[in-house]
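J.: Turn this into a model:
(chains A and B)
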Amino acid sequence: MTVRAAARRVTLAGSVVLLAVLLGLSLIAAVGLGPVDIPFTDVWRIVFGDAPTGPPAVIVRDIRLPRVLLGAIVGAGLAVTGAVLQGVLRNPLADPYLIGASSGASLGAVLALMSGLSWLLPVAAFTGAMATFAVVLLLARNGGQLGVTRLILSGVAVAALAEAATNFIVLNSPDSQLRSALFWTLGGLSGTQWSDLPVPAIVVAVFAGWFWSRSAGLNALVLGEEGATSLGVEVNRLRVRLVIGSAITVGAVVSVSGGIGFVALMVPHAVRMVVGGDNRWVVPLSALAGALLMVWVDVGARLLNQPDEIPIGVITAMLGAPFFLVLLARANRRAFS
Amino acid sequence: MSLSLEIEDVAWAPVLHDITLSVPPGEILGLIGPNGSGKSSLLRCVYRRRRPDRGRILVDGLNVWTAGAGDVARRVAVVTQDSPADLENSVEQIVALGRVPYLGGLGRLTRADHDLIDEAMERCEVRTLARRSYTHLSGGERQRVHLARALVQQPGLLLLDEPTNHLDLRHQVELLRLVRSLGVTVVAALHDLQLAGAACDRLAVLSAGRLVADGPPAKVVTNELLAEVYGVAAEVTRGADGLPRVNLPLSR
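T.: Residues are numbered from 1 along each chain as shown, chains lettered A, B, ... in the order given. The predicted structure is shown next:
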């Protein structure tokens, strides 16, 4: 191994550690930020020490902490899924919306809200995500092969249909429910309870680890179907499994957070711009960076429009649009270089 | 290490019909024939991209379609006309993909792997490009990168699908010279008959999915064959080295 390659490994491992430390500090800091400011040191004492009881302790333990942790889980899940889907579909614009899972989750959630079964909401959202994804997968399968272009096209079509149905239902809903339905379709973490955490936490941890363990195959896919096959990768099987894993992860995440766009698209691209295309690093760094981004976006959602909250999807879209332009400029540079 | 290739009565409708071909270890075999004659399809059957309808393909006695994909990839490497890659992929990273058949799912490279990668880049003269983005390379550089990637795979059989496409004369000659120096069995689909004659020990000619001629270049490349298979009236002469020179008069 050359000295340079060794140095690079150390740098990459260092950036994993750096992001993990930043994330840890951000979690504590974010818990302190909100309509009621709680100093960093107090948060630390409430979380890690024998905390005094009283309003700040209640806010931290029962309201802010689960919410901030869920934000990190959701951000990690979305970003890692984006990284995988961009690799599998060989398309820079790939994200969970492209396989219909996010739109299906919204439809399921809105249907549950409107039928007065809001306690069923996460289950309905997850079911919706899986149902639309199944339709996309069926449409995309062609003689046992998963065609990438077919997958993207059928994903876009099914997502559009699900969104139309969601919008129709939202617009025809009684005023009392309109707000919560709309807020849900735009994504948000308000009202998070501890009981919301275990399922998405386990799903994200398990699948992120599994995606990481498939890094070599994911890297080989960059050579296209021909090239990856010649490296001994069972391309079709790998693609199908990774796409299904992505859909399950997204379903579990959006079933608690609502549809949050652009995170899955932006974070992996930003990570690749910095560390290159090796998925052994892109996958874990995307998870960490996605968690970090989501924690701070949620802080923005709480603080920027007090006393109201801004739906998280609105903030990520505002960040996402300029990011798209940067990508476009990069693509143009590539075309002319 | 060079391995033998046996293609036994392979058919893949409607492209390939009853092809039987045997390549001894260390031989450089050129596959020639017009567009659509089945050269690429035959190679795809060997590297497990297209499953033939019938027939067997054995590499060193190993049936590629009953063996595992990894077992085949540790014996057979492929360079195709052009492979995609993204802006974020450096040359070194593309070359390193050649180790995928030897690694676990995570793809962690050992010191020995890195040495192999460096050596292959050196040999294919792309080491100075190691940190460059693959998308910024010229056609010739890309082909050398993929050859380096194939070498890192440590194959006993190297398949080349029109590897000299898009290359200028100098790079065509350099690539084929490099391939000849590797000491592995090579099967290369080539378009340029004169170059094929110079680079290969033996030529096999495909026409409409059938093997129509097979032998040393001087015996295979003839006026009759070019008229029959390619439908052109060519004048084939012999050079001082005994190899065929193909002349194509356009005016008549």
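
J.: What sits closest to the residue nearest the centre of chain B if chain neighbours are left out?
T.: In chain B, the C-alpha nearest the mean C-alpha coordinate belongs to B:Leu160, at 1.3 Å (C-alpha atoms, centre = their mean). In this structure, B:Leu160 finds its nearest non-sequential neighbour in B:Ala188, 3.9 Å apart by C-beta to C-beta, 6 or more residues apart in numbering or on different chains. The way it works is simple: take the backbone N, C-alpha and C, and place the C-beta from them, glycine included.

J.: Tell me what that neighbour is bridged to.
T.: The partner list for B:Ala188 in beta bridges (DSSP bridges) reads B:Gly30, B:Leu160.

J.: Verify the stated contact: it with B:Leu182.
T.: No: at 11.8 Å, B:Ala188 does not count as touching B:Leu182 under the criterion of C-beta atoms under 8 Å.

J.: Now do the contacts for the residue nearest to the centre of chain B.
T.: Applying C-beta atoms under 8 Å, 6 or more residues apart in numbering or on different chains to B:Leu160 gives the contacts B:78-79, B:179, B:186-190.

J.: now these: which count as buried?
T.: Neighbour counting with 16 or more other C-beta atoms under 10 Å in any protein chain shown marks B:78-79, B:179, B:186-190 as buried within those.

J.: Chain A: which of those is nearest?
T.: Among the buried ones among the contacts of B:Leu160, B:Val78 lies closest to chain A (C-beta to the nearest C-beta), at 3.9 Å.

J.: ok, now which ones touch that closest one?
T.: Per C-beta under 8 Å, 6+ apart, neighbours of B:Val78: A:226-227, A:230, B:43, B:47, B:150, B:158-161.

J.: Return the subset of these lying in strands.
T.: Counting by DSSP state E, those place B:158-161 in strands.

J.: low-scoring stretches of the stretch 101-250 of chain A, by residue?
T.: Scanning the stretch 101-250 of chain A for pLDDT under 70 picks out A:143-144.

J.: cool, and chain B?
T.: In chain B, residues with pLDDT under 70: B:82, B:85-87, B:252.

J.: how's it carved up into domains?
T.: Domain assignment of chain B by automatic domain parsing yields the ranges B:1-75+B:155-216, B:88-152.

J.: What count of nearby residues applies to A:Thr41?
T.: Applying other C-beta atoms under 10 Å in any protein chain shown, we find 10 residues neighbouring A:Thr41.

J.: Okay, A:His309 and A:Arg179: tell me how far apart.
T.: Heads up, residue A:309 is Glu, not His. A:Glu309 is 11 Å from A:Arg179, where distance means C-beta to C-beta, to the nearest Å.

J.: List the contacts of stretch A:150-170.
T.: So stretch A:150-170 is contacted by A:89, A:91, A:94, A:97-100, A:102-104, A:106-107, A:110-111, A:114, A:128, A:132, A:135-137, A:139-142, A:178, A:181-182, A:185, A:243 (C-beta under 8 Å, 6+ apart).

J.: most neighbours, which of the ones in strands among the contacts of B:Val78?
T.: With neighbours defined as other C-beta under 10 Å, the most crowded of these is B:Leu160; it has 28 neighbours.

J.: Pretty sure A:Leu197 sits against A:Pro66.
T.: Yes: shown here, A:Leu197 and A:Pro66 form a contact pair, counting by C-beta under 8 Å, at 6.0 Å.

J.: Contacts (any at all) between chain A and stretch B:8-17?
T.: No: judged by C-beta under 8 Å from any C-beta of the partner chain, stretch B:8-17 stays clear of chain A, getting no closer than 14.8 Å.

J.: before we move on, the earlier item: which of A:Glu309 and A:Arg179 has more neighbours?
T.: In this view A:Glu309 and A:Arg179 are compared by other C-beta under 10 Å, and A:Glu309 has more residues nearby, 19 against 10.

J.: mind checking how far the more buried one is from A:Ala301?
T.: Look at A:Glu309 and A:Ala301: by C-beta to C-beta, they are 5 Å apart.

J.: Name the residues contacting each of the two.
T.: Jointly contacting A:Glu309 and A:Ala301 under the rule C-beta under 8 Å, 6+ apart are A:188, A:190.

J.: Residues in contact with both of A:Leu197 and A:Pro66, list them for me.
T.: By C-beta under 8 Å, 6+ apart, no residue touches both A:Leu197 and A:Pro66.

J.: still on that earlier bit, residues contacting the residue nearest to B:Leu160?
T.: If you count contacts by C-beta under 8 Å, 6+ apart, B:Ala188 has them with B:28-31, B:159-161, B:163, B:179, B:196, B:199-200.

J.: quick one: contacts for B:Leu203?
T.: Residues near B:Leu203 by C-beta under 8 Å, 6+ apart: B:29-32, B:196-197, B:213-217, B:220-221.

J.: rerun at 10 Å
T.: For B:Leu203, the contact set (C-beta atoms under 10 Å, 6 or more residues apart in numbering or on different chains) comprises B:28-33, B:190, B:193, B:196-197, B:213-221, B:225, B:244.

J.: If any of those are buried, put those into a PyMOL selection.
T.: Provided next is the PyMOL selection string for whichever of the contacts of B:Leu203 are buried by 16+ other C-beta under 10 Å:
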select buried, chain B and resi 28+29+30+31+32+33+190+193+196+197+213+214+217+218+220+221+225+244
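
J.: Kindly spell out which helices and strands sit in contact with the helix or strand containing A:Ile28.
T.: In the assignment (DSSP states H and E), A:Ile28 maps to helix A:3-32. Packing partners of helix A:3-32 (3 or more C-beta pairs under 10 Å, 6 or more residues apart in numbering or on different chains; DSSP states H and E): helix A:40-48, helix A:65-89, helix A:263-275, helix A:279-303, helix B:91-96, helix B:111-123.
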